[in-house]
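Novice: Build me a structure from this.
(chains A and B)
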Protein chains: 2
Amino acid sequence: MYNPNDPKLKSWVSVESTSDFPIQNLPFGVFQKNDKVAVGVAIGSMVLDLSLLWKEGFFSEIFPSQEENIFAHSSLNAFMNCGKEIWQKTRTRISQLLEAGSSELHDHAVKEEALVTLDEVKMLLPIKVGNFVDFYSSIEHATNIGSMFRPDNPLMPNWRHLPVGYNGRASSVIPSGTPIKRPKGQTKADDAENPTFGPSRLFDMELEMGFIIGKGNDLGSSISTKDAPDHVFGMVLLNDWSSRDIQKWEYVPLGPFLGKSFATSISPWVVTLDALEPFLVDGPTQEPAVLPHLQYEGKGNYDIHLEAYLQGEKMEASERITKTNFRLMYWNMQQQLAHQTSNGTNTQAGDLYGSGTVSGTTPDSLGSFLELSWRGTRPLKFPNGEERKFIQDNDTITLKGWCQGEGYRVGFGECSGKVLAAD
Amino acid sequence: MYNPNDPKLKSWVSVESTSDFPIQNLPFGVFQKNDKVAVGVAIGSMVLDLSLLWKEGFFSEIFPSQEENIFAHSSLNAFMNCGKEIWQKTRTRISQLLEAGSSELHDHAVKEEALVTLDEVKMLLPIKVGNFVDFYSSIEHATNIGSMFRPDNPLMPNWRHLPVGYNGRASSVIPSGTPIKRPKGQTKADDAENPTFGPSRLFDMELEMGFIIGKGNDLGSSISTKDAPDHVFGMVLLNDWSSRDIQKWEYVPLGPFLGKSFATSISPWVVTLDALEPFLVDGPTQEPAVLPHLQYEGKGNYDIHLEAYLQGEKMEASERITKTNFRLMYWNMQQQLAHQTSNGTNTQAGDLYGSGTVSGTTPDSLGSFLELSWRGTRPLKFPNGEERKFIQDNDTITLKGWCQGEGYRVGFGECSGKVLAAD
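Specialist: Reported below is the predicted structural model:
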């Protein structure tokens, strides 16, 4: 049987060995070229326009009863809602069309129009986000944050028993490249009697991964850890922009709200769980043992290298500020989804889940400025002499992530955003 | 100029004086009759099918450039997105068509098909919910809850400075009449070492009002208290079903999540802000004074009588368990919306906002069982001898709400839900 993850596969489209998008990846996204918006797949430095391939009948065996062009959409939601079998057949079909030696697309007249360079297109938000949930599942991150405020007891009693999370704001999920205006908000200094309103002073990032529901469940039902991978279409990089001063004043007792809701950036290419399958690794031991509905079999984590970069307007280059790995996460996606639906909550194609900030164990592997500068007490130093305790206006933050195969990468591209001054 | 709120108006459709839906109301909803789904307006015990009136050209002057039937939709979102001027013109037009003495619709052939009784239709969720935010804006409720856990200091320091709120779950907002399965979840008894998983034992309701965004704002912009009423289409009754034992174990530090996300019920008829305008009243004095962006002019509250009822399966009738009024709310809608968008968060047609539990100052005016039974210490007694500390399986909870005019009511109908046993 054809294996689209075979490391030996090559494409007739040229792909550099450091490219995030070899034939083993084939991530899905939504692009705009001039007035046209459609679903595409990335291959090397090109985008393959699936809506044109659909028109030519390339997918007619996979969607025999589907009359409307499922790739002539402004989001992946309709395609994702078809379910895992269709996702897999489609990815396999595209892989076969792009495989070196295959002539069906290579020699077809549509090729010239259907393959465009990434430079020619604008990548849009790939999904219509129905609901956004954000977890808090890195034990290193939770311990760091907790130890700043409760040195003797950094982890809350519930933390090792369930993946702590909260509902975020869906409307302000934006694609990489969209600038972020520094939010205004109400904050109160520790020594002030009353709060004031103005631009946030402690503007932060959170380096996260996001996963996306492809096929949901009905209200009143739950998704088991075993079935969770059948519901998850794929993953993206996610920057959960955070205003620490707004958050601090508002969050007791109902949790983060305006400190987070102004913007969440995601990378535009959704890497399928199928493409990530070769990079599954064992998760950390969970102690104490979790309750039965949160137990899982097999490998639960993914070996995804993660980095974040900062470039200020006076800096000549983008400087790496952290380097970590997604494999460290204490709670995995299966557990997060099983927990979140354990009370019967329904999910829908396009629902987005943030992992929580991914932090490592060393000072240069932390996923937020709150940790990197340790509440501003140890500023980050940059080659041009500048320092940062938190993010300044006109700084651009870029997240990168990839799985390293032998001689190729399955990567996520970039999740980038420039912070603009408040009005 | 024609005033659709004129108390003297009568309709040629017969309306009882105790009806929630006189000609002064004209709430919008989405109904299903056989296979047909369309937008309608309630009048007395009838539904007026607006999609049929559209077909006959009754609205052609209001929507001169709109070709598609905006009322042949399964939600109000498209209509709401047209903006306040269109909402007002449409309501005025419907009022004129239904006014006693008006012959245009009364004598038209479409009347027989367009006016159907409420018994013949099933009311659906009136909006496609994009985002759901829930506030905590009754000072009586917040003080009650706070005093159970912190007797000396019931209100948090931020409470009088901003309308505390959090993001809820949009996917599980359901229309009145949909049964609610008791959620399962993780809970921990105070004296237990470890949590367990099973059906929630402390199942509660929250008597709230909801408001709905008709026309949103762009990311990066904010809505002022003055402009807020132009963005709000209307209001509904809202029951924020809550599992107190799940909530207690999960909510520190990121707020309510699975204790609330399994279901939120709303009433199916959206009463427009225009219909509520005669019932505006002064809000409570806010002390200390709020920051400038939360200040407002004029009347900010609405005089809406609210009641909740319980009927167990062995009870012959639905028994009133509380009676309160929406006018008590400390924070009003203008302030809530101004606060929530003050950081630049965008809103969209169909966004839903819960007021927070509406509680009065007396023991029989509280909006939740947590307060009514004071954490289970004073059970509610019912005529058939039964008691309730919290809601039991097969109990039906019904919320009612109305504004009392002279000789007529502008009402919200009912928001009802039966609690089923967990699987």
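
Novice: Assign a three-state SS to the residue in the stretch 151-300 of chain A that chain B sits nearest to, would you?
Specialist: Distances from the stretch 151-300 of chain A to chain B, computed as C-beta to the nearest C-beta, single out A:Gly255 as the nearest residue at 2.2 Å. All C-beta atoms are positioned from the backbone trio N, CA, C, and that covers glycine. Following DSSP: H, G, I helix; E, B strand; the rest coil, the label given to A:Gly255 is coil.

Novice: CA-only coordinates of the top helix by length along chain A in CSV, if you can.
Specialist: Longest helix in chain A by number of residues, with DSSP state H as the criterion: helix A:84-98. Coordinates of each C-alpha in helix A:84-98 appear next as CSV, following Å, rounded to 0.1, in the frame of the first residue of the first chain:
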residue,chain,number,x,y,z
LYS,A,84,-10.6,11.2,8.4
GLU,A,85,-11.0,8.6,5.6
ILE,A,86,-11.4,11.4,3.1
TRP,A,87,-8.5,13.4,4.5
GLN,A,88,-6.3,10.4,4.2
LYS,A,89,-7.4,9.5,0.7
THR,A,90,-7.0,13.1,-0.4
ARG,A,91,-3.5,13.5,1.0
THR,A,92,-2.5,10.1,-0.6
ARG,A,93,-3.9,11.2,-3.9
ILE,A,94,-2.0,14.5,-3.8
SER,A,95,1.2,12.7,-2.9
GLN,A,96,0.8,10.3,-5.8
LEU,A,97,0.2,13.2,-8.2
LEU,A,98,3.3,15.0,-7.0
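
Novice: Now do the SS call for the residue nearest to A:Pro278 when sequence neighbours are not counted.
Specialist: Sequence neighbours aside, A:Asn5 is the residue nearest to A:Pro278 in space, at 5.3 Å (criterion: C-beta to C-beta, 6 or more residues apart in numbering or on different chains). Counting by three-state DSSP, the backbone at A:Asn5 sits in coil.

Novice: mind listing the helices for chain A?
Specialist: A:50-55, A:77-80, A:84-98, A:111-114, A:139-149, A:228-231, A:244-250, A:273-276, A:333-341, A:369-372.

Novice: Out of these, which gets the lowest mean score?
Specialist: Here the helices of chain A differ in mean pLDDT, and the lowest is helix A:139-149 at a mean of 93.

Novice: circling back: which one of the helices of chain A lies nearest to A:Glu208?
Specialist: When these are compared for distance to A:Glu208 using C-beta to C-beta, the nearest one is helix A:139-149, at 9.6 Å.

Novice: Can you spell out which helices and strands pack onto that closest one?
Specialist: Identification of packing neighbours for helix A:139-149 by 3 or more C-beta pairs under 8 Å, 6 or more residues apart in numbering or on different chains; DSSP states H and E yields helix A:369-372.

Novice: Give me the residues contacting the helix it packs on.
Specialist: Applying C-beta atoms under 8 Å, 6 or more residues apart in numbering or on different chains, the external contacts of helix A:369-372 come out as A:141, A:144-145, A:148, A:202, A:204-205, A:242, A:244, A:321-322, A:357, A:359, A:363, A:366, A:380, A:388-391.

Novice: Just the buried ones among those, please.
Specialist: Among those, those that count as buried by neighbour count (16 or more other C-beta atoms under 10 Å in any protein chain shown) are A:141, A:144-145, A:202, A:204-205, A:242, A:244, A:321-322, A:357, A:359, A:366, A:380, A:388-391.

Novice: In strands, which of those residues fall?
Specialist: A:Asp204, A:Ser242, A:Ile321, A:Thr322, A:Leu380, A:Arg388 (DSSP state E).

Novice: Quick one: residues contacting the residue in the stretch 1-150 of chain A that chain B sits nearest to.
Specialist: The stretch 1-150 of chain A approaches chain B most closely through A:Asn131 (5.3 Å), counting by C-beta to the nearest C-beta. The contact partners of A:Asn131, by C-beta under 8 Å, 6+ apart, come to A:Asn167, A:Ala170, A:Thr347, A:Gln348, A:Asp351, A:Leu352, B:Arg169, B:Ala170, B:Ser171.

Novice: For the residue lying closest to it once chain neighbours are set aside, give me its contacts.
Specialist: Closest residue in space to A:Asn131, ignoring its immediate chain neighbours: A:Asp351 at 4.6 Å, by C-beta to C-beta, 6+ apart. Remark: with contacts taken as C-beta under 8 Å, 6+ apart, A:Asp351 is in contact with A:Val129, A:Gly130, A:Asn131, A:Phe132, A:Val133, A:Ile212, A:Ile213, A:Gly216, B:Ser171.

Novice: before we move on, what about A:Phe203?
Specialist: By C-beta under 8 Å, 6+ apart, the contact set of A:Phe203 is A:Arg182, A:Pro183, A:Trp241, A:Ser242, A:Ser243, A:Arg244, A:Phe390, A:Ile391, A:Gln392, A:Val419.

Novice: same question, A:Pro383
Specialist: For A:Pro383, the contacting residues are A:Met315, A:Ala317, A:Glu319, by C-beta under 8 Å, 6+ apart.

Novice: in stretch A:301-308, what's buried?
Specialist: Result for stretch A:301-308 [16+ other C-beta under 10 Å]: buried residues A:Asn301, A:Tyr302, A:Ile304, A:His305, A:Leu306, A:Glu307, A:Ala308.

Novice: re the thing from before, which one among the contacts of A:Asn131 gets closest to B:Thr341?
Specialist: Distance ranking of these against B:Thr341, using C-beta to C-beta, places A:Ala170 first at 14.9 Å.

Novice: Counting neighbours, what do you get for the closest one?
Specialist: The local packing count at A:Ala170 equals 24, with neighbours defined by other C-beta atoms under 10 Å in any protein chain shown.

Novice: wait, it sits on A:Val129?
Specialist: Yes: in terms of C-beta atoms under 8 Å, A:Ala170 counts as a neighbour of A:Val129; the distance is 4.4 Å.

Novice: Find residues that contact each of those two.
Specialist: When C-beta under 8 Å, 6+ apart defines a contact, the residues bordering A:Ala170 and A:Val129 alike are A:Leu352.

Novice: Name the spans of the stretch 51-200 of chain A whose pLDDT lies under the cut-off.
Specialist: Using pLDDT under 70 as the threshold, the predicted model of the stretch 51-200 of chain A has no low-confidence range.

Novice: Contact residues of it facing chain B?
Specialist: Contacts of the stretch 51-200 of chain A with chain B, taken as C-beta under 8 Å from any C-beta of the partner chain, map to A:130-131, A:136, A:156-158, A:161-162, A:164-172, A:174, A:181, A:183-186, A:188, A:194-197, A:200.

Novice: Select only the buried ones of those residues in ChimeraX?
Specialist: Typed into ChimeraX, the next command selects the buried ones out of those (criterion: 16+ other C-beta under 10 Å):
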select /A:130,131,136,156,158,161,162,164,165,166,167,168,169,170,171,172,174,181,183,184,185,186,188,195,197,200
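
Novice: Narrow the residues of the stretch 51-200 of chain A next to chain B to those in strands?
Specialist: Counting by DSSP E, those contribute A:Gly165, A:Tyr166, A:Asn167, A:Ile174, A:Lys181, A:Lys184, A:Gly185, A:Gln186, A:Thr196, A:Phe197 to strands.

Novice: what's A:Ser261 in contact with, if anything?
Specialist: Shown here is A:Ser261, whose contacts under the criterion C-beta under 8 Å, 6+ apart are A:Gly168, A:Arg169, A:Ser172, B:Asn167, B:Gln340, B:Asn343, B:Thr345.

Novice: Then A:Asn384?
Specialist: Contacts here follow C-beta under 8 Å, 6+ apart; on that basis A:Asn384 touches A:Gly312, A:Lys314, A:Met315, A:Glu316.
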